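J.: Sequence and predicted structure are below.
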Protein chains: 4
Amino acid sequence: MTADAAPVRIGVLGTGRIGRMHADLLSRRVTGATLAAVYDASAERAGETAERLGVAAAGSAAELFSSPDVDAIAICTSTDTHVDAIVAAAATGKAIFCEKPVSLDLADVDRALAAVSRAGVLLQVGFNRRFDPAHQSVREAVASGAIGDVHLVRISSRDPAPPPLEYARTSGGLFLDMTIHDFDMARYVTGSDVVEVFARGAVRITPGLEELGDIDTAVVTLLHESGALTVIDNSRQAVYGYDQRVEAFGSLGIAASENPLAHTGLVRTVDGTRTATLPYFFLERYIPSYLAQWDAFVTAVNHDLPAAVSGADGRAPLAIGLAARRSLDEARVVRVAEIG
Amino acid sequence: MTADAAPVRIGVLGTGRIGRMHADLLSRRVTGATLAAVYDASAERAGETAERLGVAAAGSAAELFSSPDVDAIAICTSTDTHVDAIVAAAATGKAIFCEKPVSLDLADVDRALAAVSRAGVLLQVGFNRRFDPAHQSVREAVASGAIGDVHLVRISSRDPAPPPLEYARTSGGLFLDMTIHDFDMARYVTGSDVVEVFARGAVRITPGLEELGDIDTAVVTLLHESGALTVIDNSRQAVYGYDQRVEAFGSLGIAASENPLAHTGLVRTVDGTRTATLPYFFLERYIPSYLAQWDAFVTAVNHDLPAAVSGADGRAPLAIGLAARRSLDEARVVRVAEIG
Amino acid sequence: MTADAAPVRIGVLGTGRIGRMHADLLSRRVTGATLAAVYDASAERAGETAERLGVAAAGSAAELFSSPDVDAIAICTSTDTHVDAIVAAAATGKAIFCEKPVSLDLADVDRALAAVSRAGVLLQVGFNRRFDPAHQSVREAVASGAIGDVHLVRISSRDPAPPPLEYARTSGGLFLDMTIHDFDMARYVTGSDVVEVFARGAVRITPGLEELGDIDTAVVTLLHESGALTVIDNSRQAVYGYDQRVEAFGSLGIAASENPLAHTGLVRTVDGTRTATLPYFFLERYIPSYLAQWDAFVTAVNHDLPAAVSGADGRAPLAIGLAARRSLDEARVVRVAEIG
Amino acid sequence: MTADAAPVRIGVLGTGRIGRMHADLLSRRVTGATLAAVYDASAERAGETAERLGVAAAGSAAELFSSPDVDAIAICTSTDTHVDAIVAAAATGKAIFCEKPVSLDLADVDRALAAVSRAGVLLQVGFNRRFDPAHQSVREAVASGAIGDVHLVRISSRDPAPPPLEYARTSGGLFLDMTIHDFDMARYVTGSDVVEVFARGAVRITPGLEELGDIDTAVVTLLHESGALTVIDNSRQAVYGYDQRVEAFGSLGIAASENPLAHTGLVRTVDGTRTATLPYFFLERYIPSYLAQWDAFVTAVNHDLPAAVSGADGRAPLAIGLAARRSLDEARVVRVAEIG
């Protein structure tokens, strides 16, 4: 933001867990942005957030989209509503932030991207981990050439606790709900698209998931256009806390992001040394990345820049995820080009 | 705070660097507290903060103290004004938070404590490091008996860059301005008062400091009532960032707080491994401790509890600091009891 | 060894790089063992080691095998000669240590194991990494139940510099020469056999390797009988040093072995913190594991115990490696049972 | 050693704990040196080591000193015999290695140094920690200018378990027996002599030590000629293992040596992360430094170089230790020049 730019007034669509978090951040902690209004299909839920943060609750999504007091829309509703919301928001000419995944369906994503393209508006997709300073340092080590050509990437990405069994019915499954962040990370760190996927998975944590066609434990191997190989491992339940590590191995060295600890204290006794636990989950670990994500959005709006995470960046991990799903089902290597 | 307690409305006296920080935190990020108003001897400076945070700027300190919309006063002015402000605030029956040091003069501190005692109000002194989770983990390892009887404590406390030479004229010098945090830490971690001090210092960073009777580099040894020995080292200029480490050595082990790093990324090449820098200074490192300090204040107000850091806790490090100064001047061991 | 057991007198067959290392260790640093004699097809090479260590050089392999002054044979020759040496040594009734891999051919391994079984002699296979205290701590955390059921294992195993191109003609390729250690580690850490393999590889370091049918960069996914998934990544050239890490993820936590550093010194400046390099290669990192490997051998000989690393433990990683090779060639999942 | 230099044949005087260690190392693991013979006042004790290592036990110290098969003498007897042994060995023209401390008496040290000087022989004093690669890296960071001018040094030096009470009668006390290593380290790391000492101590571990005039817990502050300040903390009982850390703080950064761990394994659960214990004591931690110390000795002998740790380096820490003792007794700052 230039010193005299007016704040970007952002309307938040959807005030569930992630929408409330964005509303909170926008209300208080993002320089150059303000929370303009909120909307949720549940008027009660919207009202609570609106009152707590001292903003208006729009009477309808359409009202939010068309409000002259709203410069940009943050789409934080359930995944199945994202595309229609993008299309509607684009029609008003407003800048758009959309949570991941854009959709579970590629044709729908293409519909959204076409609307955005026609309208010439900004669309930034919510892959917040790109804005984590440790993961960024890995990307920078690659981009600067400090570790040479990338040969291998390894990503461990493990949640602290599984969602309810029912969640699997609408989430799109592990690959589209959770691993999609890692597919994005693989593209981000290497700067290279993915051409081939092999996935192996298991149900180790939540019995009953098999019947819903889902898994909770996985290993996925990706081949990039550049020839780099990425391997991802996932679990829905790392009891020791949110485990998020990325490592790029190249011809001149490695760059890696380790897990932070809750604090830097240690106790050393005759039994060895004990250090603190990991941050529990994304709210404990990634707030700085969510803030930096909004900083990037504000900068793009104010300076008419391309999105830091574009619609194409939103589409690509979905295609990889669908390829991973097919690889798992058919126990074979699947080319991303097969998916479309 | 109980769920239905009204927020504690806090008026901030002094809107210099530290006062602005407190005003910012109170305005936005402390559950159970609100920023009620600000005052500064410079109306312009007060006005800027008031406008930025959307609160009133009081027309005088007296107005702030007597306002019915203010439940508590945060004293963030220059050190020489603290005691009068405490006395005035106490007279209104309001709860008081006062930045460290309370004063550079023990008799003045006693005057403040007497006023607080007479008024029966809460006084919490701003030794924020007690609320840092890593330093707290050291205290907890001592208090729980996990490391047995404490024999030795070592504290490294080094600022990233020296203040201007002129600052030495009013700061009280290294021991009262900077080491005072470490004297408090030594008492906090051991849970034991200090009876004897030996200090050695030097001017290594800021030429000209000698003529002002100050130093910028020091080693101080403390003997506690419990028999524990604490050793503190200080520098005004750690070019690698704000270095704050505490270690307690006991009969069953050690507990220590290490420095956090700016992020957890690393790069490993043929030259070895490089990790991130330290947070630059207290704003980068200690915001969570400042927030926890306010949480403790709010809890004490709402539940009528003793202060987490009492007036006596504010007085003791001043006496140690004065003893350290005398030790340095006279090149001998000084008992704190000599100081009064 | 019981206090009064006579030392186990060991004859070393083959005095190339690895044979010389074993001879050195046995000559000086293994309690309960002595170096009895050496033999090498090159009399000159054998003579150098014999003279340096003050032992006899046998005139032939047969002489070494039949010597009454030799209790056990350490087979350190090239891989293609291992099986015949095992058969000949077994015929003399002597205990046998054989370097990995036992052979590149499963039928040959079976021939060796049959000879060992008929003779009733001890055969210990040289998977030294099982004796590294850090990797052992991972195994112990699994075996003790400390991390619960194992869901995922990740192994990074990277050499500092590639062998000469010509080496690929006889080494059996990356999977049988290098990854074979990791296949063993996967079985060791999980305590579970491998049933299925998927391998992906590339030539990124040594041009010309393709024409020899080999690779220098790989990712391999293993499915264990227990349901655990292991993922291995390999490179022939980690310029920052010998990189050997194992991590087991289970229902109650993770256990991992990190890389040691050459020393514990660090330098912290305005540019961040720099620590030491990794040990360069196996001689710098794994000597303690080679010593512990010999301790286990001596204990097994003296107490008539089963081998710590048995003939079956030597066979299994070969079958996995052959399956990995087929998986790479055919770009599909291969069941180990297909290999035989 | 040049490639064709004959090995330096070393006779070990004294086969107690430290003498046996040196004999073992010289017998097997020092390139360019051999163990020539041993002598101990206890013929039985000498005989055991001689037999175990396959060398002769001399019939008397004089026999060892005058033997034509001995090039150098390693003095490993009790401290009170060092000086006479140095004088006798010097008279034979042999190179001398002497364990620390050279003596508990400065006049005696001077007598030894005079004899060495007259004879023109090499005398290297056994401050092995100078050869530890981590401590060396601290020295190198200072010597190279990487951390600028040194302002502060902190040394933690803690043994795992106290010696028997009786040991205090002859050891010279904590400062001459144990802290003497740290006084040497302070000189080594800074490259600057010590001019002033302040010591504070306590008995926290071994009741009864007071009556023998000794302590087991100490903090010592040193002022160097360069203006640097060193602070040392000592304990006779760090139950978590041998704790040896050095840190130099300078105008451009810090260099530090951390404690190694027994291995690099870790276990991370819901309770946090647990890592391995420290090496237990000097035999577990410092063998590489003892080997490097012998390498330096061999190099000095073969190339007629000055000792890496000279007689003057042996004398200086004794003077500092005596000053520390007086500082403790008189509760004041003592200048080293007062001691003589």
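T.: Received it, and whenever you're ready, just let me know what you need.

J.: Residues in contact with stretch A:11-18: which ones?
T.: Applying C-beta atoms under 8 Å, 6 or more residues apart in numbering or on different chains, the external contacts of stretch A:11-18 come out as A:19, A:22-23, A:26, A:35-40, A:42, A:45-46, A:48-49, A:58, A:61, A:64-65, A:67, A:70, A:72-78, A:81, A:85, A:99. To be clear about C-beta, it is placed using only N, CA and C from the backbone, and glycine gets the same treatment.

J.: among those residues, which ones are buried?
T.: A:19, A:22-23, A:26, A:35-40, A:45-46, A:48-49, A:58, A:61, A:64-65, A:67, A:70, A:72-77, A:85, A:99 (16 or more other C-beta atoms under 10 Å in any protein chain shown).

J.: Among those, which lie within strands?
T.: Per DSSP state E, strands hold the following members of these: A:35-39, A:72-75.

J.: export the helix or strand hosting A:Phe297 as CSV, just CAs?
T.: Assigned by DSSP states H and E, A:Phe297 belongs to helix A:287-303. Presented in CSV, the C-alpha positions along helix A:287-303 are these (Å, rounded to 0.1, in the frame of the first residue of the first chain):
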residue,chain,number,x,y,z
ILE,A,287,-1.4,-16.9,11.7
PRO,A,288,1.6,-15.0,10.4
SER,A,289,1.2,-16.7,7.0
TYR,A,290,-2.5,-15.7,6.9
LEU,A,291,-1.5,-12.1,7.7
ALA,A,292,1.2,-12.1,5.0
GLN,A,293,-1.4,-13.6,2.6
TRP,A,294,-3.6,-10.5,3.2
ASP,A,295,-0.6,-8.2,2.8
ALA,A,296,0.0,-9.7,-0.6
PHE,A,297,-3.7,-9.3,-1.5
VAL,A,298,-3.7,-5.7,-0.4
THR,A,299,-0.5,-5.0,-2.4
ALA,A,300,-2.0,-6.6,-5.5
VAL,A,301,-5.2,-4.6,-5.2
ASN,A,302,-3.4,-1.3,-4.6
HIS,A,303,-0.8,-1.7,-7.3
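
J.: Give me the helices and strands touching it, please.
T.: Helices and strands touching helix A:287-303, as assessed by 3 or more C-beta pairs under 8 Å, 6 or more residues apart in numbering or on different chains; DSSP states H and E, comprise strand A:8-13, helix A:17-28, strand A:33-39, strand A:95-98, strand A:123-125, helix A:133-143.

J.: hmm, 7 Å instead?
T.: Applying 3 or more C-beta pairs under 7 Å, 6 or more residues apart in numbering or on different chains; DSSP states H and E, we find helix A:287-303 packed against helix A:17-28.

J.: Tell me the gap between the helix it packs on and the middle of its chain.
T.: Taking C-alpha atoms, centre = their mean, to the nearest Å, the mean C-alpha location of helix A:17-28 is offset from the chain mean by 15 Å.

J.: And for stretch A:320-334?
T.: The chain centre lies 21 Å from the centre of stretch A:320-334; the measure is C-alpha atoms, centre = their mean.

J.: Stretch A:130-140 too?
T.: Centre-to-centre, stretch A:130-140 and its host chain are 14 Å apart (C-alpha atoms, centre = their mean).

J.: For the stretch 101-250 of chain A, just list every one of the strands.
T.: A:123-125, A:150-158, A:194-202, A:217-224, A:229-235, A:243-250 (DSSP state E, counting those that start in this stretch).

J.: now the fourth one: mean pLDDT?
T.: Strand A:217-224 comes out with an average pLDDT of 98.

J.: Could you tell me the angle between it and strand C:194-202?
T.: Orientation note: strand A:217-224 sits at an angle of 20 degrees relative to strand C:194-202 (axes from the mean of the first three to the mean of the last three C-alpha atoms, to 10 degrees).

J.: Can I get strand A:217-224 as PDB, trimmed to CA atoms?
T.: Only the C-alpha atoms of strand A:217-224 are listed here, as PDB (Å, rounded to 0.1, in the frame of the first residue of the first chain):
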ATOM      1  CA  THR A 217      -2.800 -42.000   5.700                       C
ATOM      2  CA  ALA A 218      -0.900 -41.500   2.400                       C
ATOM      3  CA  VAL A 219       2.300 -41.400   0.500                       C
ATOM      4  CA  VAL A 220       2.300 -39.700  -2.900                       C
ATOM      5  CA  THR A 221       5.100 -39.400  -5.400                       C
ATOM      6  CA  LEU A 222       5.100 -36.600  -7.900                       C
ATOM      7  CA  LEU A 223       7.100 -36.200 -11.000                       C
ATOM      8  CA  HIS A 224       7.600 -32.600 -12.100                       C
END
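
J.: Brilliant, that's me finished.
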